[in-house]
Structures are given as C-alpha cells and as structure tokens.
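Trainee: Using only what follows, build the 3D model:
(chains A, B, C and D)
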Protein chains: 2
Amino acid sequence: MSYTLEDIARLAGVSRSTVSRVVNNHPNVRPAVRERVWEVIHQVGYQPHAAARSLATNRTNVIGLVIPEAVSTLFTDPFFSLLIRGITDGCYARNYHLMLALFSTPAQEEDLYNRLLRSRYLDGVVLASTRLDDPLVGRLLSDGIPFVSIGRHPDPRVSYVDVDNVAGARMAVDHLIRLGHTRIGTITGPLNMSAGADRLEGYKQALQAHHIPVDEQLIVEGDFTEGGGLASMARLLSLDPRPTAVFVASDTMAMGALRAVRQAGLRVPQDISLIGYDDVPQAAFLDPPLSTVRQPIQRLGETAAHVLVDLITHGQDHAQRLVLMPELVLRQTTARL
Amino acid sequence: MSYTLEDIARLAGVSRSTVSRVVNNHPNVRPAVRERVWEVIHQVGYQPHAAARSLATNRTNVIGLVIPEAVSTLFTDPFFSLLIRGITDGCYARNYHLMLALFSTPAQEEDLYNRLLRSRYLDGVVLASTRLDDPLVGRLLSDGIPFVSIGRHPDPRVSYVDVDNVAGARMAVDHLIRLGHTRIGTITGPLNMSAGADRLEGYKQALQAHHIPVDEQLIVEGDFTEGGGLASMARLLSLDPRPTAVFVASDTMAMGALRAVRQAGLRVPQDISLIGYDDVPQAAFLDPPLSTVRQPIQRLGETAAHVLVDLITHGQDHAQRLVLMPELVLRQTTARL
DNA sequence: GGTTATAATGGGAGCGCTCCCAACACGAGC
DNA sequence: GCTCGTGTTGGGAGCGCTCCCATTATAACC
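Mentor: Sure, this is the predicted structure:
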C-alpha cells in the first residue's frame, strides 16, 4: 500500500498541485501550508513515484556507466571500482542514480544499446575508457544522447574528462632519467585507447627532451592485464642489453611485470627499476611497494558525473573538456642506476 | 523525435492495442498483421518508453545491487567486480537491468534507501555480503521489497545464494593437515559476516575431525583487506612457536599475508604454507602463485539475479535458498611440512 | 475603500503505455 | 441459414505525476 500525491493532498487539506509544488520546492506556497504538507509527507512516508514523474517530465534522473565490450575484460581492474565509486558519489550529490551497462559480447552491446538507451531508461551515459574508434561514440552522437567520455576523444563534439596521460608518463620517465637510466623500456596499454597512446607519447617526449633516442625495440604493446604485463616484461628482459628501467602503463600490468622479473631471477629495483601507473590500492602492498603515477580516479568519476548532469540539465550546446593532473608517487621499485 | 505506440499503429494501419500485443508477444494477432507491425517497428526503430510502461505495469525491470555502507570499503576487492559481472549477465538474460546502490556513509544509506527503494525505481534488490545483523534486512523485509542476500542469513524469510563456506574452509584446512601440518593458524574475515563466521567454523571442524585441538591464539580476526591481512599475519608470525601453515579467509588478505611473511625474512611455502580463499584473477599471478579455494563468484551473481527475478515475477511466498560448492585450487603456496 | 498587481491555489490535460471489455469476423455444427 | 464459440481487433480508462491556465486570496498603493 503506498500513497499518491492525491492522498497527501487529501490528508493535508490542499490540492494535488500544491503538494507537487511543495515536493518540488517551488516558491509560491504559503509557509504554513508548506509545513503542514511536509508533516503529512513525513508521517506517512510518502515518496513520489519515479516512473510517473519520468513520464511527465521526460527525465529519469538515472545515468548509465557504459563499459564497452572492447574493454569489458578489464573490468576486474581496481581502476573501475574506484571509478564507479567516484561516479556514484557524483551522482548522489546531484540527486542522480547510476545504472550499469557492462557489455560482455558484441551481440549484447547491440541488444542492450537499444533496450537501455533508446527506451529512455537513462538521461545520459558515462562512457568508460573507450577505444578511439569505438562506434558507440558515433551512435550516441547521432542519437543525441548526452554523454561524457572517460578519456580524451578527438571528435570536437565529444565531452570528456581525462587525466593528463602525456604529462603523467613524462613525469615517470623523467624520474627514471634523473636516476641515471638511459636504457628505458615501456610496456604500453592498447594503442587504440587514448590512455595507451598518450602514455606512450609522454614516454617518447621525456626521452627526446633528454636527447635519448627512442628505440622501438624497447617499446612493447601490452593490454592492461596482469598476464599481458608478465609476457611483455619477459620480452623486454630477453633483450640484449636489457633495459635497466621500465615504465609500465598500468599498475595491474606492473604486477605481472614484477613477477616476470622475479622469474628471471632478477631483483627490483637493484637489477631493474619499475614504475607503474594508476596507484591502485594494491600498489602500496606489492613487494616491493610500487612507484607509480597516481591518477585521481575517484575524482575523475565524480567529475564525469557532474559534467554529465550539467550537460543533461543545461543542454549540450558545446562540449565540456576537463583534464586533471596526475602525481608521481615514489616508493621502492625505482633506484639509481 | 521519437515514436509512440500510436504512431506505429497509424503507420501499420492497426490500433494501438494491436501494436502493444505484437510488442509484448501476446497471441491472438493474425500472423500477417504481426509481421506488418514488426516491419514498421524495425523500420522506424521504435522502442517502447520505459517510464510509460512502468507506470502502467508497476514494474521497472530494474533491480539494484545494494552494497551496504558496512562493507563498502571492500568494494575494490575483485570479488565485487566478478559478482557484478555475474549479476549483469543474469539480468540481461532475463531482460532486466542493474542499478548500483553503493552506500559510502550511514547518512547516504538512509537517504538513498528512500530515494531509490521507496520511489519504486527498483523491482527488487541483491544485497551484497551484508553483516548478519544489518538493519537493512529488516527494513527490506518490512517494506516488502523482494531481495536476495549474497551469503547466508539466519532469518527464515530471507532468500539467499551462498557458497558453502564451511565446506570450503574445511577443504583448505584438510589439505594443510594432509601435508603434515598440525600447527595451523587462520586469519578470519569479520565474524559478523556469515562468510567470516562460516570459514572459521570450517577451519575448526577440520581440525576437530583430525583431533587437533583448536588453539585460540592461532585465530586472528581480519577484515578482508590487504592491510588487515598483513597486520594479522605479522601477529601470527610473532607467536612462538609460530604456525607452519595459515588458512587466510580471502585472497586479498592473503596478498597482505604474503608480504608480511616476506618482510619477516621467511619464504612461502618452505617456511610457511599459505592458502587463500576466492581465487580472484590475481591469485594465479602472485609470487608464488596462490593456493586457494575457488568460489564460483560470477555464477553466484548470476544465480542471485535469476533467483531475484523469479521472486519478483512469481511472488515471494517462500524464501529461496541456494548453496553452491567451492573447489580447492592448489598452486604453489602450500608444501609438505 | 477601491483599484491594481501579485501571490497562492485548484483542476484539467496529457505524458505513453497496459489492461479490460465490447464489438466484430468467421468457421463449425446442426 | 441460424446459432454458437473462438479468434481477432479497437477504444476507453487509468497508472501518478507535472505543467499550464484560470481563479481566488492577499498585499500594496494612492
């Protein structure tokens, strides 16, 4: 048994419209009346019916977090947990809720896109770590669905929130250079993701700034997974001469890399320095504790939620772009050559 | 610009009702008509308006995953990522969607409970890893909201899906005993969570079955976090004589424990055997690869979603209880004494 | 105290769907 | 050829809100 606006109106001796005005904080209600209505509302525990409201306003107050099929295998990475926590906090602060759209297969992506987006369950979506050429972007654009991308996107119509990956990578590699390393390898992320491409760009910029030639042999493309990090590191270690330091484009890959080093009978940081990226909670608990580039992941999610809600409420005439700054966190996997 | 039922009806030369019947797969529509209607629907890309449907049916086809404030700090544990993936898969298979309710603070929990549950955004809720005495359970029960708990709950009205934690722990400790260990410690989970309490119970049962006395000194309560695992392990290692094997009630804590062992200058498994619980994706990549008890976490989530949807559609007259079986995964952190 | 301007209130219409019931078509059966 | 019965179709009502507009109460001013 639950109450409707009309019930509250009757109980408070006013009209449906007045109760609606009270609930929605419209002015033009006499304070005495307002108070009496609130009293009744609290007493019976009235809550407006979300669907009825949506039907009338054409707003659901729900946004979605879309994790494209292409990156869904990365979902267990703590990056996503932190991102989700940030997004939910951002949502709650703006009276919004978060729906999850985790696409595991291309067929699911197709099916769910229609079911979820076109049926207006959602007012907008946060698009997580998409590939640069993901067709989802074009689709959202042409369907006119407000969205924010986590990570830079070249299309000028796309709003995004990102952390400066070029700068972050540059900071990490700069630091390795300051420690005397010159033969520095890197394990990149997938290069069709902006995070992957940008961190590689930062790596190259740092080397060039110090007039160290970029050696393509020292660049191995990884996939942001632990297993990928292990395999890529093994390849770098087989080089002769092997690198004395490696910039790994994610902490998760760095965990694999750490293991590859150990398997090869070498020590971090005595034989080889390692620096990761993300500063996930585990990083401080690795052995040895991982030096890394801290991304404000939670704030990234929170910001994305705010930007999206602004886009929804104030219209999306021009794209919003926000870039946060990363920060170097030095622990014990980096040492002087 | 988007179409309504009425638009489709006009375009197909039938009535609103007939289109509705087609969309909802009701019988009693002539095949020729049905086909013609589908054709129009596909051609213009019609999707029923979710809110309108909800208002008429009193169903949203959305369920929530509630992560109570009390366990929200554990959210970065890969356990939750896997659980979420399972739940979403279960939802999609049943034409449902998943909303996230991640409560970070008690105030948020209070506020969101009303906003989300009472306003009928959700048809039901999956309650994640709650404490045994969580007031949320009583509240959902008295509000008549269908829900499924992840993890056993004593109240006979509560439906739950669980993995047999007593059996899992027994398997792990049995194995340590078979390897010749008799001085076996354990780092438990929080004992006010069924997973924590049950795994401790399994530990005790295994010892008793082999007539090994339970030594309270060897039981340290942990909190399912990495840092907690490290601290608890340090305490066990300071014992004299120290245990030769430890059953750690989660892989995440085991990562911390592994590090504590290393900090103490000891080796796993030569000096001390370790066995974890969960088999999270990282477990195989630890150094050395972690022996553990595999929980079918994804299937747990999937099953929970199915049970919940059944509860929603077929009524919740009697509680559903399902218990899945764990499985021992032996890697390289356990060795003969 | 009468006239405006403005604030406060009530009620109708409509959002897009489902569900129910009435109406109709058509073949079967006598 | 009439009556059933079953299969098929259409339209009204209603889900619980918001929004607009008409109406009435109140304040402001000379």
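Trainee: hey, let's count contacts and neighbours off CA atoms from now on
Mentor: Noted.
Trainee: Mind telling me what element A:Gly185 is part of?
Mentor: Counting by DSSP states H and E, the element that carries A:Gly185 is strand A:184-188.
Trainee: contact partners of that strand?
Mentor: The contact list for strand A:184-188 (C-alpha atoms under 8 Å, 6 or more residues apart in numbering or on different chains) reads A:173, A:176, A:196-197, A:199-200, A:203, A:218-224, A:229, A:232-233, A:236, A:243-249.
Trainee: helix/strand/coil for the residue of chain A found nearest DNA strand C?
Mentor: Closest residue of chain A to DNA strand C, C-alpha to the nearest atom of the strand: A:Asn28 (2.9 Å). What DSSP: H, G, I helix; E, B strand; the rest coil gives for A:Asn28 is coil.
Trainee: what's around it, how many residues?
Mentor: By the measure other C-alpha atoms under 10 Å in any protein chain shown, the count of residues near A:Asn28 is 10.
Trainee: same deal with the one 4 residues further on?
Mentor: By other C-alpha under 10 Å, 8 other residues sit near A:Ala32.
Trainee: helices and strands around the helix or strand hosting it, which ones?
Mentor: With elements taken from DSSP H and E, the one containing A:Ala32 is helix A:31-44. Helices and strands touching helix A:31-44, by 3 or more C-alpha pairs under 8 Å, 6 or more residues apart in numbering or on different chains; DSSP states H and E, are helix A:5-12, helix A:16-23.
Trainee: Return the angle between stretch directions for it and helix A:5-12.
Mentor: 110 degrees (axes from the mean of the first three to the mean of the last three C-alpha atoms, to 10 degrees).
Trainee: Does helix A:31-44 reach DNA strand D?
Mentor: No. Using C-alpha under 7 Å from any atom of the strand, helix A:31-44 stays clear of DNA strand D, with a minimum separation of 10.7 Å.
Trainee: do the same with stretch A:51-60
Mentor: Yes. Using C-alpha under 7 Å from any atom of the strand, we find that stretch A:51-60 touches DNA strand D at A:52-53, A:55-57.
Trainee: which parts of that stretch are buried?
Mentor: A:51-55, A:59-60 (16 or more other C-alpha atoms under 10 Å in any protein chain shown).
Trainee: about what we covered before: give me phi/psi at the residue of chain A closest to DNA strand C?
Mentor: phi 60, psi 40 (degrees, to the nearest 10).
Trainee: Tell me the spacing between it and A:Thr18.
Mentor: As judged by C-alpha to C-alpha, to the nearest Å, A:Asn28 and A:Thr18 stand 9 Å apart.
Trainee: can you give me the helices in the stretch 151-300 of chain A?
Mentor: In the stretch 151-300 of chain A, the segments counted as helices under DSSP state H, counting those that start in this stretch are A:165-178, A:194-209, A:226-237, A:251-263, A:297-314.
Trainee: And those: which comes nearest chain B?
Mentor: The closest of the helices of the stretch 151-300 of chain A to chain B is helix A:251-263. By C-alpha to the nearest C-alpha, the value is 6.5 Å.
Trainee: does that closest one come close to chain B?
Mentor: Yes. Helix A:251-263 is in contact with chain B by C-alpha under 8 Å from any C-alpha of the partner chain, via A:255-256, A:259.
Trainee: Show me what counts as buried in that helix.
Mentor: Quick answer for helix A:251-263 (16+ other C-alpha under 10 Å): A:251-261.
Trainee: pLDDT-wise, which helix or strand of chain A ranks last?
Mentor: helix A:106-112 (a mean of 89; mean pLDDT, DSSP states H and E).
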